[in-house]
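Visitor: Got a sequence here, can you build the structure:
(one chain, ligands or ions: 2)
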Amino acid sequence: MTERPAESPVTALRGPALSFSGDPFSDGLERTMVHEPDAIVAMQDGRITHFGPAGTVQRLLPQGTEIRDYGKDALISAGFVDTHVHFPQTPMIAAYGEQLLDWLEKYTFPNELKFADKEHARRVARIFLRENLRNGITTSCVYCTVHPQSVDALFEEAEALGLRLAAGKVLMDRNAPDGLRDTAQSGYDQSQALIAKWHGRGRLLYAITPRFAGTSSPEQLAAAGALWRVHDDCLMQTHIAESRAEVAWIKELFPDRRSYLDVYDHHGLCGRRALFGHGIWLQDDELQRLYVTGAAIAHCPTSNFFLGSGAFDVFRATARERPIRVGLGTDIGAGTSFSILATLGEAYKASQLNGRSLSACHAYYLATRGSARAMYLDDRIGSLAPGMEADLVVLDMRSTPLIDFRMNLAADFADQLFVQMTLADDRAVQATYVAGRMAYSRTAPGLV
Ligand code: GUN
Ligand code: ZN
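Guide: Ligands and ions are numbered 1, 2, ... in the order given. Predicted structure coming up:
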């Protein structure tokens, strides 16, 4: 007789909780937002087993289950998802005085040259992942550098933490310095080898990563498209229509293409699981094409403001008649904060500049289920429900004296959430759980 494997213990967290069962941009908040003022989230073997009102769930848990009560000033949420970030740019946040194309030349490329050294890449990957967990980010879609060893370093560190994470080697065969270019063929071969090694290993996923049309020849874009056709369950990430100078340059480089998106589309780089960073200056026909093909945009507000690129219009992108999938990105190191709360605060300001106000509830959707959906992972992460992977963040809604003071005057739950995204940062993250395991605790920061 074979023995049944011993089941791991159930872990249960108690406190107010927020989640989304659908998309509030298309279906409204009433039908999609789940706010439970006193909830229990129970987890076992890396998955959520129960989520609901504490009184109901408590009765269903095995006798003797330990319940960690975070109290009434906490907020339990699905872990935050960052859909666009460059881990190698962690050391170059706050690079002064340039806009996109000059910023790449002056700061980014010299910095990325250092990632030929795998040990350097590993040191930076550790700091990057520690900052993610300190900010409640449990999944991200990451650009590495052109060096395959930078991808190995990040995946090895992410695997040790049990994270669900997507990443890829940057493809770049022109308009970049010596030591930072591959070729259409070598980039294809290296990406293919990395896919074989990492894609689908544990919780890790590969993202085919042509940096952008400015640094890839037509041959390289075609090779990336061919690779994605073979491995269509990988993600594909790149940049698009971030700054006006960039859009004008791409037009010069690809005079035969109808639009910036058409450059990618022509080479087979548009479709489900494609994630386009920025997209501020896309035209209506390009937005329509993104919608039809199921591609997504990563909204990176702190970066867009830092580089002076512009203010992305999230309501235009998610318009009811052709709602494009939109996720949130920190875009470190043009982005200026690992804090998703701070990033949401800037997303609000971007919407204000476009004449609309992004509600706090819609913003939290973007940071969780919306971003998971942009990555085609919303069946596994991004919300609280039985069967979902147990990646969680527990916020402290009174993390500073000013927030505490302001919270006393908050009119309702939406106002409380808005206070967080306007005033809070990493100090508000009490704990981060990865696959049901506490991976960060504010009171025991040595965990990571
Ligand atoms: N476009 C091409 N590469 C980059 C990058 O590293 N950061 C940003 N913000 N835009 C880019
Ligand atoms: Zn970027």
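
Visitor: Isn't D182 up against D173?
Guide: Yes. Here D182 reaches D173: they are 5.7 Å apart, a contact under Cβ atoms under 8 Å. Glycine gets a C-beta too; all of them are placed from N, C-alpha and C.

Visitor: Let me see the contact set for R123.
Guide: Under the criterion of Cβ atoms under 8 Å, 6 or more residues apart in numbering, R123 has no contact partners.

Visitor: That one: which element?
Guide: Here R123 sits within helix 118-134, counting by DSSP states H and E.

Visitor: Tell me if A207 really is in a helix.
Guide: No. Checked against DSSP: H, G, I helix; E, B strand; the rest coil, A207 lies outside a helix; its state is strand.

Visitor: who in the protein is up against ligand 1?
Guide: H86, L100, L104, T108, R211, F212, H239, E242, S303, D331, A334 (Cβ under 6 Å from any ligand atom).

Visitor: What subset of those residues is buried?
Guide: H86, L100, L104, T108, R211, F212, H239, E242, S303, D331, A334 (16 or more other Cβ atoms under 10 Å).

Visitor: Where helices are concerned, which of the residues you listed count?
Guide: Mapping these onto helices (DSSP state H) picks out L100, S303.

Visitor: still on that earlier bit, could you give me the average pLDDT of the helix holding R123?
Guide: Here helix 118-134 scores 98 as its mean pLDDT.

Visitor: Okay, buried residues for it please.
Guide: Within helix 118-134, the residues that count as buried by 16+ other Cβ under 10 Å are 118, 120-122, 124-126, 128-134.

Visitor: Closest one of these to I76?
Guide: L133 (16.0 Å; Cβ to Cβ).

Visitor: re earlier: export the buried ones among the residues of the chain next to ligand 1 as TSV, with columns for distance to D23 and pLDDT.
Guide: Below are those laid out as TSV (distance: Cβ to Cβ, whole Å; pLDDT from 0 to 100):
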residue	distance to D23	pLDDT
H86	27	99
L100	30	97
L104	34	98
T108	34	98
R211	30	98
F212	28	98
H239	25	99
E242	25	98
S303	24	98
D331	23	98
A334	28	98
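
Visitor: Pick out the most distant pair among the buried ones among the residues of the chain next to ligand 1.
Guide: R211 and S303 (14.8 Å).

Visitor: and the nearest residue to L205 once chain neighbours are set aside, how many residues sit next to it?
Guide: Computed as Cβ to Cβ, 6 or more residues apart in numbering, the closest residue to L205 that is not its neighbour in sequence is A166, at 4.1 Å. For A166, the count of nearby residues is 26 (other Cβ atoms under 10 Å).

Visitor: any idea what A166 is structurally, helix, strand or coil?
Guide: A166 is classified as strand under three-state DSSP.

Visitor: so who does it touch?
Guide: A166 neighbours (Cβ under 8 Å, 6+ apart): T139, S140, C141, V142, L204, L205, Y206, A207, L235, M375.

Visitor: wait, the fifth one sits on A158?
Guide: Same thing as L204. Yes. Between L204 and A158 there is a contact under Cβ under 8 Å: 6.4 Å.

Visitor: The two: which is more packed in?
Guide: More crowded of L204 and A158, by other Cβ under 10 Å: A158, with 27 against 19.

Visitor: Please report how far the residue nearest to L205 lies from ligand 1.
Guide: 17 Å (Cβ to the nearest ligand atom, to the nearest Å).

Visitor: what does V263 give?
Guide: From V263 to ligand 1 the distance is 14 Å (Cβ to the nearest ligand atom).

Visitor: residues contacting that residue?
Guide: A213, L221, I250, F254, R257.

Visitor: Might you report the residue contacts of the second one?
Guide: Spelled out, it's L221. Contacts of L221 by Cβ under 8 Å, 6+ apart are P210, A213, V263, Y264, H267, L269.

Visitor: What is the neighbour count of the fifth one?
Guide: For H267, the number of neighbouring residues by other Cβ under 10 Å comes to 23.

Visitor: so what's it scoring on pLDDT?
Guide: Looking at H267, its pLDDT stands at 98.

Visitor: helix, strand or coil for the nearest residue to it once chain neighbours are set aside?
Guide: Spatial nearest neighbour of H267, chain neighbours left out: L221 (3.9 Å); criterion: Cβ to Cβ, 6+ apart. For L221, the secondary structure call by three-state DSSP comes out as helix.

Visitor: Apart from its chain neighbours, what residue comes closest to the closest residue to ligand 1 within the stretch 151-300 of the chain?
Guide: Residue nearest to ligand 1 within the stretch 151-300 of the chain (Cβ to the nearest ligand atom): H239, separated by 3.8 Å. Of all residues not flanking H239 in the chain, F212 sits nearest, at 3.9 Å (Cβ to Cβ, 6+ apart).

Visitor: How about W249?
Guide: W249 sits nearest to G214 (Cβ to Cβ, 6+ apart), 6.1 Å away.

Visitor: so where does that neighbour fall, helix or strand?
Guide: G214 belongs to no helix or strand, assigned by DSSP H and E.

Visitor: That one: what's it in contact with?
Guide: G214 touches L101, N175, E246, W249, I250, L253, counting by Cβ under 8 Å, 6+ apart.
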